[in-house]
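Student: Dropping a prediction and its sequence here:
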Amino acid sequence: MAAAIDGQDRVLATAQHIVKSLNINTKATEDMILILSNFDNRLSNITDLIDGGGAADVEETDNQFQTAERVILRHDSGGEASSRHSSPWEESYTEAAEYLEAVDTVIKLTEDLNVQSDYDSEIMDRAENALQLAMLKLEDEFLHILIRNTVPLDVDRLYGSIRKGSLSFAANEIEIEDDFESYREDDDDGGSGYGYYHERGPSFGVDVYVDLINSDAIKELKAIADRMIRSGYEKECCQVYSNVRRDVFDEYLSILGIDRLSIEEVQRIEWKTLDEKMKKWIQAVKIVVKVILFGEKQLCEQVFSESELIKEISFVETTKGCVMQLLNFGEAVAIGQRSSEKLFRILDMYDVIADVLPDFETLFTDESGELVCNEVEAVLRGLGEAAIGTFVEFENAVKGENSRRALQGGEIHPLTRYVMNYIKLLVDYSDSLNNLLPNSQDYDLNKELDDIDSGDTLSPISCRLLSLITSLEANLEEKSRMYDDSALRYIFLMNNILYVVQKVKNSELRSLLGDRWIRKHSGQIRQWHTSYLRSAWGKALLCLKDEGFGGGSSSASKLLLKERFKNFNACFEEIYRIQSLWRVPDDQLREELRISISEKVLPAYRAFVGRFGSQLESGRNAGKYVKYTLDDLENYLLDLFEGKSSVLNSIKRKGT
């Protein structure tokens, strides 16, 4: 009762002081009290206090506080009777709910006391002490709930989702040598694997969601975060969250095969190892951004829904280190030494960053997040510049390649295989390269454009690829001059240009160059075919001419006739010895060459033997001159262009 009277006296004294200060009649005291009570709902009970009716409320509040204080002290981590095992969240849901209710009581009391101008300082001290102890406890619980409920990353499921949303790797495998100078000289496309296969990076084509935290724990985390934010401990809550989650993100990267490497360390890695790391990086970027970062963003929104600021800060502080580790690798690759075999993997990296850039802009929206987006854009620019720089170096290398060693047997030159496989794969990156390459109006392609189906203006990548193929053709023409044997020169040109034409016909290059280009080059191959026949078999066919034998067989000189047969046999055996070592890899071209040789040589031989062979049959050593039957010649022609390592020293008649 005494406390109520004291309270009434204080209120009246305050009201009288206000009235006196405002020079208002003292009779307005009651009206003034009513006015004051409208300023804050906490003053709505003042009249009750004046009337002595607030004593019960004060006593009830005091009892509630004491009850709450006891709950908090009972679970105080610094208390004598407490330990980690006394955690209310580990004991039961009821215990946790009781603790949170106690915290709510203390928070409300401190809020009420803070708006009063005259309050019991002892109560305030006790309330603030209890609140501080509670926040320490909640911080500790928040930490342990986060750690206990982190869900391990299911990498197999994530990789499986990537594979479902992408084309098969095998469909995009293109063989590329270790570098431009390391040509394969002893194998064809299906060979021993001197080079490596570039696997075009898959697209992330499906929506995937993963639980980063057990769903049951999210409500508990939110309940704690709400109270810490309301009590002004948002910084501590955010720090605990970020520290725990940063460690989890480090573990995620480790599981995904991403090592923490400096730029210098990345640049010292040898290419095959670096290529594997680049492939892992591409997949990791897709998984981290498309799945994990979005999952983390949602988690922050659920846990810190009470504060937009804390929600954003927690997300950025948690993920920034992981993102920067990924970007540092991309930057190291972008500024690394350029070599042609790196281009496709760099383009894969460029494509994946370009693909996830909008996701970064969605995820990182505040001021600190803008810095992250700027870093992503910088790495994207760096990878683009590295790709174009590498592409230009490859163009210059093709134009300037000047190896001077002629390949034995007129084989397909390794440069041809390398460049056409390279170009074939470049077509798959047309969209990216068209965005990166400047317009190629400075390229003088008038002659080349005459060879293709004219239509719309060529895209930048179309101009560059057409120029590359033209440079390759000019290089091959120059290399063909290294052959002293003109027939072998034509075999070399047929082998190589046919390879180019087939690569164009069987890829997207056909839509670029068109059927007109293919027809023109196929016609060029036929011209070389004719030139080969004339160069390789002209001398042998001259031996089967009728000139010099007069009007009939009776007047023919047996001596000249023997010389003609001997010369033909020598020419044929020399051609066989040499051209059985030449190699034409394409089955159809090889068969066409044999058929055309048969059509030229066999009828001429049949006619010559038919007219003059009988004149030598009655003489001594007739078999020395007419050594081969038509079947013999036809069978021997089947040995040409096989590239056999063993050659007969002397040809004996197959029929004997």
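Tutor: Arrived safely, thanks for sending.
Student: where exactly do the strands run in this protein?
Tutor: With DSSP state E as the criterion, the chain has strands at 174-176, 196-198.
Student: mean pLDDT lowest for which of the ones you listed?
Tutor: Note on the strands of the chain: strand 174-176 shows the lowest mean pLDDT, a mean of 43.
Student: Tell me which residues touch the nearest residue to residue 267 once chain neighbours are set aside, please.
Tutor: With C-beta to C-beta, 6 or more residues apart in numbering as the criterion, residue 267 has its nearest non-adjacent residue at 4.9 Å, and that residue is residue 336. (Glycine included, C-beta is placed from N, CA and C.) With contact set as C-beta atoms under 8 Å, 6 or more residues apart in numbering, residue 336 has these partners: 266, 267, 342, 386.
Student: Any stretches of this structure with poor pLDDT?
Tutor: The chain contains residues with pLDDT under 70 at 1-61, 77-87, 90-91, 114-120, 160-208, 439-457, 548-556, 617-623, 645-656.
Student: what residues are up against residue 212?
Tutor: With contacts defined as C-beta under 8 Å, 6+ apart, residue 212 is in contact with 150, 151, 248, 292, 295, 296, 299.
Student: give me phi/psi at it?
Tutor: The phi and psi values for residue 212, taken as degrees, to the nearest 10, are phi -90, psi -30.
Student: the helices in the stretch 51-200 of the chain, which residues?
Tutor: Remark: helices assigned in the stretch 51-200 of the chain by DSSP state H, counting those that start in this stretch are 55-74, 88-91, 93-114, 121-148, 155-164.
Student: Equivalent analysis for the stretch 501-650 of the chain, please.
Tutor: Across the stretch 501-650 of the chain, reading from the start of the chain, the helices by DSSP H, counting those that start in this stretch fall at 509-542, 558-579, 587-612, 614-617, 630-637.
Student: wait, what's in contact with residue 540?
Tutor: 568, 571, 572, 575, 601.
Student: With adjacent residues omitted, what lies nearest to it?
Tutor: residue 571 (3.9 Å).
Student: which residues touch stretch 463-480?
Tutor: Surrounding stretch 463-480, the residues in contact under the criterion C-beta under 8 Å, 6+ apart are 391, 395, 398-399, 401, 403, 406, 413, 415-416, 419-420, 423, 426-427, 433, 437, 440, 443, 445, 447-449, 452, 458, 489, 492-493, 496-497, 500, 504, 509, 512-513.
Student: Just the buried residues from these, in PyMOL please.
Tutor: Buried subset of the contacts of stretch 463-480, written as a PyMOL selection, criterion 16 or more other C-beta atoms under 10 Å:
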select buried, resi 391+395+398+401+406+413+415+416+419+420+423+426+427+433+437+440+443+445+448+452+458+489+492+493+496+497+500+504+509+512+513
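Student: Show the buried residues in the contacts of residue 212.
Tutor: When burial is judged by neighbour count using 16+ other C-beta under 10 Å, the buried members of the contacts of residue 212 are 150, 248, 292, 295, 296, 299.
Student: List the residues that contact residue 379.
Tutor: 327, 330, 331, 334, 353.
Student: Relative to residue 346, how far out is it?
Tutor: Computed with C-beta to C-beta, to the nearest Å, the distance linking residue 379 and residue 346 is 12 Å.
Student: Spit out the residues that contact the two alike.
Tutor: With C-beta under 8 Å, 6+ apart, residue 379 and residue 346 have common neighbours residue 334.
Student: Just give the number of residues close to residue 584.
Tutor: Residues within reach of residue 584, counting by other C-beta atoms under 10 Å, total 25.
Student: isn't it right next to residue 591, touching?
Tutor: No - Residue 584 is beyond contact range of residue 591, at 9.1 Å (criterion: C-beta atoms under 8 Å).
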